[in-house]
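> Prediction below, plus the sequence it came from.
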Amino acid sequence: MALMAGLRVPARALLRSGCWLRGAALAGAEAAAGLGAGVRRFGSQRVLVEPDPAAGVAVVKLKSPPVNSLSLELLTELVISLEKLDNDKTFRGIVLTSDLCGVFSAGLDLTELCGRSPAHYAEYWRALQELWLRLYLSGLVSVAAVNGASPAGGCLLCLSCDYRVLADSPSCVIGPNETRLGIVAPFWFKDCMVNTVGHRAAEQALQLGTLFPPAEALRVGLVDQVVPEDQVQSTALAAMARWLAIPDHARQLTKSMMRKPTADRLAKHREADVQSFVSFVSRDSIQKALQTYLEKLKQKG
Ligand SMILES: CC/C=C\C/C=C\CCCC/C=C/C(=O)SCCNC(=O)CCNC(=O)[C@H](O)C(C)(C)COP(=O)(O)OP(=O)(O)OC[C@H]1O[C@@H](n2cnc3c(N)ncnc32)[C@H](O)[C@@H]1OP(=O)(O)O
């Protein structure tokens, strides 16, 4: 741990901030990259939005160090940013990526699931449902530029997008590892997996809690392209251009036809799903399993 301004800042987070410094240097080159004068980044503390109005595309970057775990705050800020972009006719597509080095998203923030009240668990789960429904059904084209590890809830975020580009690095594993923590992916995560990789592959991955390295993720169809790390964002933007060549109304109606039945299964039973989560996560055995997993993660660090 390093001490900074009276705050305990993990050394790894400081290392990752190298990415932010690189980001700052890149800001000078924004004009060349399409972010012209007068085009402002916006967003919030944990979600950075880099708009390219001329292209109708916004790059949405998760920046909640150290690992972009999905805290209540990050979920809420992401929902707000997506809602804003969805309602702004300037934008037709988003690229979802991470502002941190080596991690796309560590999935659900385990500190939100341990030692909290039932009311907190319920609020947290509602926020996760909200994010999933918004992203999964968004009228915008969504491309995930997966530039780091993406386990469990991180994988769900990627699966909710229309297209996935993964960095070709051994640390960039992706998949539903919930069972390894002793927890169970909700049915709507399972449905997303089945819709993406088919029933048999989803069943195996979900039961075994598989984290796929890039080549395997591509082979099973969990991601659509694997490219060198430094080409993830440009490849995502090239994919976006192909998707934007299709008229919005036709693409959106088709997306809705494909996805609405899956989303409706949750939309119609949201409160029952919340209660099911609260009673599951409140069990002593689950609390113990999550605590043990979290402690192991901390010891590893
Ligand atoms: C209706 C439904 C009914 C019942 C359902 C029941 C349950 C619901 C399940 C819902 C489905 C989704 C589940 C999840 O997403 S659970 C989370 C799964 N995630 C993981 O297993 C990832 C764990 N993390 C890692 O593997 C690594 O951290 C990672 C991402 C590969 C990065 O590695 P590295 O760069 O080496 O970083 P560190 O491991 O050293 O971590 C740095 C720091 O971050 C803390 N941390 C990591 N992950 C999490 C996390 N998910 N939540 C909270 N905190 C996390 C880690 O402890 C370190 O902390 P420190 O204090 O030591 O700095």
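All right, it came through fine.

> Which residues outside stretch 285-299 are in contact with it?
Around stretch 285-299, the neighbours that count as contacts under CB atoms under 8 Å, 6 or more residues apart in numbering are Leu110, Thr111, Leu113, Cys114, Gly115, Leu181, Gly182, Ile183, Phe280, Val281. Yep, even glycine has a C-beta here, placed from its N, CA and C like the rest.

> Which of these fall within helices?
Judged by DSSP state H, the contacts of stretch 285-299 include Leu181, Phe280, Val281 as members of helices.

> who's in contact with the first one?
Neighbouring residues of Leu181 by CB under 8 Å, 6+ apart: Ala152, Gly209, Ala289, Leu290, Tyr293.

> quick one: the second one from Glu77, how far?
Which is Gly209. Going from Gly209 to Glu77 by CB to CB, to the nearest Å gives 28 Å.

> near the ligand, which residues of the stretch 151-300 of the chain?
Within the stretch 151-300 of the chain, the residues that sit near the ligand (CB under 6 Å from any ligand atom) are 151-153, 177-178, 181, 183-186, 189, 273, 276-277, 280-281, 297-298, 300.

> filter these to the buried ones?
Listed as buried from those are 151-153, 177-178, 181, 183-186, 189, 273, 277, 281; burial here means 16 or more other CB atoms under 10 Å.

> so of the residues you listed, which ones are in helices?
Those of those lying in helices (DSSP H): Gly153, Glu178, Leu181, Phe189, Asp273, Phe277, Val281.

> between the residues you listed, which is nearest the ligand?
Comparing those against the ligand with CB to the nearest ligand atom picks out Gly153 as the nearest, at 3.2 Å.

> what's the burial count for the closest residue in space to that closest one that isn't next to it in sequence?
Spatially, and ignoring its direct neighbours in sequence, Gly153 is nearest to Gly107 (3.4 Å; CB to CB, 6 or more residues apart in numbering). For Gly107, the neighbour count with other CB atoms under 10 Å is 23.

> Then Ala250?
Count around Ala250 with other CB under 10 Å applied: 9.
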